[in-house]
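Engineer: the sequence and its predicted three-dimensional model are supplied below.
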Amino acid sequence: KFLPAIIGATLIVAIILFVAFHFVFIDLFVDLWWYESLKLETYFWLRLLYKFFLSGGVTLLFFSIFFFHFWIASRYLGINATNETFNNLESRRSFQRFADIFMNGSAKVYTPISLALAIFIAIPFYNQWEDALLFFFGRDSGISETVYGNDVSFYMLSYPTFILIQKELLITAILLFFSIGLLYWLEHVFIPNQSKEYPLGVKVHLSILMGFVAAFVVWGFMLDRFNLLYTNTHEPIFYGPGFVEIRYQLPLIWLEIITFIATALSAGLFIFSEQHRVKAPFLISLSVFIVAIVLPRIELIPNLVHKYIVNPNPVKTNKPFMQQNIDATLSAYDLKNINVVEQSIKLNATEDIDTWGTQKRFENIPVWDREFIIDSYKQLQEIRPYYKILSVDEDRYFVLDHTRQVNLAAREVNTSKLPPEAQNWENIHLRYTHGYGAAVTPAAQDANKPLVWYLRDLNMNSEVGFKVEHPDIYYGLEHYDYAIVPNKLNIEAIAGSDPSVTLEYHGEGGIPISSLFRKGLLSFYFKDEKIFLSTNISTQSKIKIRRNITERIHTLAPFLHLDKDPYLVINSDRFYWIQDAYTISNKYPDSKPSGHDFLDGKQNFNYIRNSVKIVVDAYDGDVDFYISDPSDAIIKAYDNAYPGLFKNLDEMPVDLKKHLRYPRDLYYLQMKMYAKYHQQSPELFYEQAETWAQAKVRGEPVQPYYQTMDFGNCNDSEEFVLIEPMTPVNRSNLSMIGVAGTMDKKTCGDTSYKPGITIYKFGKDIQVNGPAQIEALTQQDPEISAQFTLWGQYGSVVEMGRMIILPMGHTVLYVQPIYIASAKDKMPQLTRIIVSIGNETIMDTTLWSAFNRLKQIFIKNAADSDGTETPKSIITR
């Protein structure tokens with residue numbers, strides 16, 4: 001008799017257990033093992049507990065609210081339902097059915113209803129649970145906005161959560177009001193002869209719910225005040241509130257609040273008054289409230305204010321608001337402490353050429369662009385079919401007695417390049433598991449000569465002292481499959497040059513596969529039975545997963561936004577990857593949004609900090625997070641929420657700290673903002689007379705580039721900096737040269753990361769040629785033009801490289817490499833180097849020879865002018 005029921009129940013339980021095991025427990029176990037392999041199991045449990053307690057707590061809270069009010073309603077239903085109130089037996093039976101459902105059996109009905117409503121309300125909290133951590137763990141930043149006087153951290157950390165809470169509480173109150181009201185109305189339907197008046201308790205209950213609705217509406221109006229700080233109606237002049245918003249719309253919001261409160265109170269008075277006679281206060285307050293709601297939405301009045309008050313005196317009326325926007329934007333993008341150097345330009349450059357022109361300075365000018373040299377790296381240094389060079393990085397290393405700028409690239413494994421017959425499970429997951437070694441070249445080289453290599457080939461050949469104990473690269477930029485190492489395969493001559501060497505993994509990274517349970521669970525996780533069945537996996541084997549460093553970091557810290565250019569660092573023990581990470585917000589008050597051309601293109605934020613430097617061990621896969629900007633309110637909140645995850649920058653090993661750099665993506669964005677917001681006077685800001693733009697060559701903007709150079713700030717110390725030239729908007733002459741990552745006297749001798757920016761700003765009295773003008777002069781030079789034509793006749797493709805622009809005393813030095821490549825061969829060759837100062841241009845095979853020839857021209861010009869200033873043709877006025 002009970003067998004079918006038992007079988008059915010067993011099947012249901014089995015299905016539930018299978019789904020839970022497959023979709024919950026497998027992922028949970030594998031994630032836990034992975035975090036344990038990174039020594040971050042405490043962080044794993046903390047994130048899980050936060051998510052569970054915040055999501056579960058919110059659901060329980062809303063469930064309690066719904067159930068409590070439904071239970072209260074069930075106590076009042078039917079209290080006047082005597083036999084005399086029913087017309088007939090059928091009415092009595094209908095009411096009894098109603099009572100059995102909503103009164104006597106209230107727990108059975110209201111529990112699932114309350115739970116369903118609670119889950120519906122809590123869904124946004126599930127999706128934004130991590131934002132709540134900022135709400136709970138955030139602290140004041142010490143910076144206040146000027147309109148309301150609140151700390152800016154309130155807007156970035158708390159305001160979004162307050163908006164969410166207000167919205168969900170208002171929806172809850174409205175749902176309860178209508179649901180409870182519907183129950184009381186249904187009682188009247190089932191009890192036709194009942195008095196038309198609701199019992200006092202019912203009125204009180206509904207009034208309380210109406211009061212909650214009113215309170216949450218008022219709270220919404222209060223929060224709407226802050227939304228004025230993100231007004232964009234004044235763009236493109238300035239961002240944020242202006243005269244109309246603060247002097248007209250803000251008072252109307254206060255009027256909305258006052259009249260709505262008055263309307264709610266008078267509505268309550270009307271409901272509880274005898275025979276509902278007190279109507280006048282309710283009607284008057286309601287009318288004023290409607291007017292207050294409608295007025296901001298009528299464009300005529302703001303337009304009139306603009307026309308007759310703002311437009312006749314736009315700077316005067318909006319001056320304080322423009323100043324707020326300027327100050328907030330500079331603060332939000334970390335542009336407050338820029339060092340501006342008024343760079344004077346001398347017409348006679350002879351003295352600067354003589355002072356600046358030491359050969360050491362030219363040993364770090366990067367004439368090999370990474371966009372061009374990558375083809376040479378691929379053809380000359382991938383070597384084996386299963387190795388791949390994905391990108392070329394720029395860095396500096398101490399080589400041959402001083403710091404030298406280099407290009408370098410990791411040799412990563414790519415099993416998709418294996419022959420089809422070799423792409424089997426054993427090769428992909430056990431044999432070809434990792435890349436090997438790197439290639440390094442100096443950035444400054446002579447033209448028409450073979451590439452000079454500092455590190456090359458699979459035997460890690462280096463004549464300048466590069467040595468790496470563990471050159472194996474298990475983690476990198478490539479999207480790797482999982483790898484199981486060490487294993488029982490006798491892997492020979494895969495990465496090394498000596499066929500007698502057997503390669504085994506001796507590191508600590510990866511998830512141990514030390515039991516049948518783990519093998520079985522991992523087989524389910526990857527849907528790959530070979531993990532369980534393979535005889536080449538030993539008890540010492542470990543499985544390496546999430547080997548792409550971007551995926552690895554994003555899985556660990558999804559709240560961080562990653563720079564698009566992680567870079568390789570060569571250390572004596574192994575290779576490391578350094579990844580710059582940002583904290584961002586779109587709620588910094590009065591700050592202009594960035595637009596959608598940064599990071600992943602999906603974020604439109606108005607605050608950013610390079611708050612974290614992340615180091616990934618390319619051999620073991622360990623990930624370390626270092627706080628590089630402890631003043632950032634957002635990272636301080638996450639540091640409070642996740643104790644032990646982040647380390648101070650001082651704890652970073654010195655050998656790695658030497659290779660920190662200013663992020664290119666961040667600097668690009670900062671200069672994009674500073675191009676307009678360097679005009680810090682509201683009058684000048686309104687006129688936009690000195691707005692800058694990225695310098696352009698052949699219609700394309702000059703991207704920031706890295707340069708190792710002594711800027712004279714610190715006893716001949718060389719600095720690894722980012723440089724970006726800028727011109728006046730819609731003009732080609734140079735306005736300034738921005739240099740990011742500069743030292744100052746306080747940090748003299750410390751080669752670690754520096755967040756400083758220095759602007760070398762040129763005066764308006766003398767024109768300084770921009771890159772487009774220099775390139776035009778180059779193409780007009782008869783000797784250079786003839787050489788270009790000759791190369792073209794031989795079928796070569798001539799490519800103009802990136803132009804390097806450097807401040808050189810009281811003049812400017814321009815360097816541009818020239819590459820040629822045949823139509824069949826993609827590997828370009830550095831053929832010539834063009835060096836320019838003022839309007840003089842020389843092309844030669846080396847930087848040093850070109851500069852010396854240019855120097856002789858200036859000496860001759862100075863001699864011809866009998867010691868007077870060089871003619872103005874040197875630098876056009």
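Structural biologist: On my side now, so go ahead.
Engineer: can you pull out the helices in the stretch 451-600 of the chain?
Structural biologist: Under the criterion DSSP state H, counting those that start in this stretch, the stretch 451-600 of the chain contains helices at 516-526, 530-533, 549-556.
Engineer: and these, which is most packed in?
Structural biologist: Neighbour counts averaged per stretch over the helices of the stretch 451-600 of the chain are highest for helix 549-556, at a mean of 18; criterion: mean count of other CB atoms under 10 Å. C-beta coordinates here come from the backbone N, C-alpha and C atoms, glycine included.
Engineer: and the residue most central in space within the chain, how far is that from Y642?
Structural biologist: The centroid of the chain falls nearest to H561 when counting by CA atoms, centre = their mean (3.1 Å). Separation of H561 from Y642 (CB to CB, to the nearest Å): 17 Å.
Engineer: I757 too?
Structural biologist: 30 Å.
Engineer: domain parsing of the chain, as residue ranges.
Structural biologist: The chain breaks down by automatic domain parsing into domains covering 38-200, 548-660.
Engineer: what is the end-to-end distance of the first one?
Structural biologist: Using CA to CA, to the nearest Å, the end-to-end distance of domain 38-200 comes out at 63 Å.
Engineer: where does the prediction get shaky in the stretch 701-850 of the chain?
Structural biologist: Low-confidence segments of the stretch 701-850 of the chain, defined by pLDDT under 70: 712-716, 744-754.
Engineer: now swap in the stretch 51-200 of the chain and tell me
Structural biologist: Using pLDDT under 70, the flagged stretches of the stretch 51-200 of the chain are 75-107, 186-199.
Engineer: roughly how far is stretch 718-729 from the heart of the chain?
Structural biologist: With CA atoms, centre = their mean, to the nearest Å as the basis, stretch 718-729 stands 23 Å off its chain's centre.
Engineer: that older thread, neighbour-wise, which of I757 and Y642 wins?
Structural biologist: I757 (23 against 20; other CB atoms under 10 Å).
Engineer: list the contacts of the more buried one.
Structural biologist: Going by CB atoms under 8 Å, 6 or more residues apart in numbering, I757 touches L335, N337, I338, N339, Y667, Q670, G738, V739, A740, G741, T742.
Engineer: pLDDT wise, what is the third one at?
Structural biologist: At I338, the predicted lDDT confidence score is 92.
Engineer: state the phi and psi torsions of it.
Structural biologist: Dihedral pair for I338: phi -70, psi 140, per degrees, to the nearest 10.
Engineer: check which helix or strand covers the closest residue to it other than its chain neighbours.
Structural biologist: Counting by CB to CB, 6 or more residues apart in numbering, the nearest residue to I338 once its immediate chain neighbours are dropped is I757, at 4.8 Å. Assigned by DSSP states H and E, I757 belongs to strand 756-762.
Engineer: what's the local residue count around K824?
Structural biologist: The tally of other residues near K824 (other CB under 10 Å) stands at 6.
Engineer: tell me the SS of it?
Structural biologist: coil (DSSP: H, G, I helix; E, B strand; the rest coil).
Engineer: go on, R609?
Structural biologist: Per three-state DSSP, the local secondary structure of R609 is strand.
Engineer: next one: it from D629, what distance?
Structural biologist: Counting by CB to CB, the separation of R609 from D629 is 5 Å.
Engineer: ditto for L489
Structural biologist: L489 is 46 Å from D629, where distance means CB to CB.
Engineer: and for S331?
Structural biologist: 13 Å.
Engineer: same deal with T355?
Structural biologist: Here the criterion is CB to CB. By it, T355 lies 37 Å from D629.
Engineer: so which of these two has more stuff around it?
Structural biologist: Ranked by neighbour count (other CB under 10 Å), T355 and D629 place D629 first, with 18 against 11.
Engineer: got phi/psi on the more buried one?
Structural biologist: phi -140, psi 80.
Engineer: please apply the same query to V440.
Structural biologist: phi -140, psi 130.
Engineer: so what sits opposite it in the bridge?
Structural biologist: Counting by DSSP bridges, V440 is bridged to L408, L455.
Engineer: my guess is it contacts N407, does it?
Structural biologist: Yes: between V440 and N407 there is a contact at 7.2 Å, judged by CB atoms under 8 Å.
Engineer: among the helices of the stretch 451-600 of the chain, which is nearest E508?
Structural biologist: Proximity to E508 (CB to CB) singles out helix 549-556 among the helices of the stretch 451-600 of the chain, at 15.8 Å.
Engineer: list the contacts of that closest one.
Structural biologist: If you take CB under 8 Å, 6+ apart as the criterion, helix 549-556 is touched by 38, 40, 43, 475-477, 479, 546, 560, 562, 566, 577, 579, 581, 614, 616, 621, 623.
Engineer: just the buried subset of the residues you listed, written out for ChimeraX, thanks.
Structural biologist: Burial among the contacts of helix 549-556 is assessed by 16 or more other CB atoms under 10 Å; the matching ChimeraX selection reads:
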select :38,40,43,475,476,477,546,560,562,566,577,579,581,614,616,621,623
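Engineer: in stretch 162-173, which residues are buried?
Structural biologist: Result for stretch 162-173 [16+ other CB under 10 Å]: buried residues F162, I163, L164, I165, Q166, K167, E168, L169, L170, I171, T172, A173.
Engineer: now these as a markdown table including distance to P314 and secondary structure?
Structural biologist: Listed next are these as a markdown table, based on distance: CB to CB, whole Å; DSSP: H, G, I helix; E, B strand; the rest coil:
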| residue | distance to P314 | secondary structure |
| --- | --- | --- |
| F162 | 34 | helix |
| I163 | 32 | helix |
| L164 | 37 | helix |
| I165 | 39 | helix |
| Q166 | 35 | helix |
| K167 | 36 | helix |
| E168 | 41 | helix |
| L169 | 41 | helix |
| L170 | 39 | helix |
| I171 | 42 | helix |
| T172 | 45 | helix |
| A173 | 44 | helix |
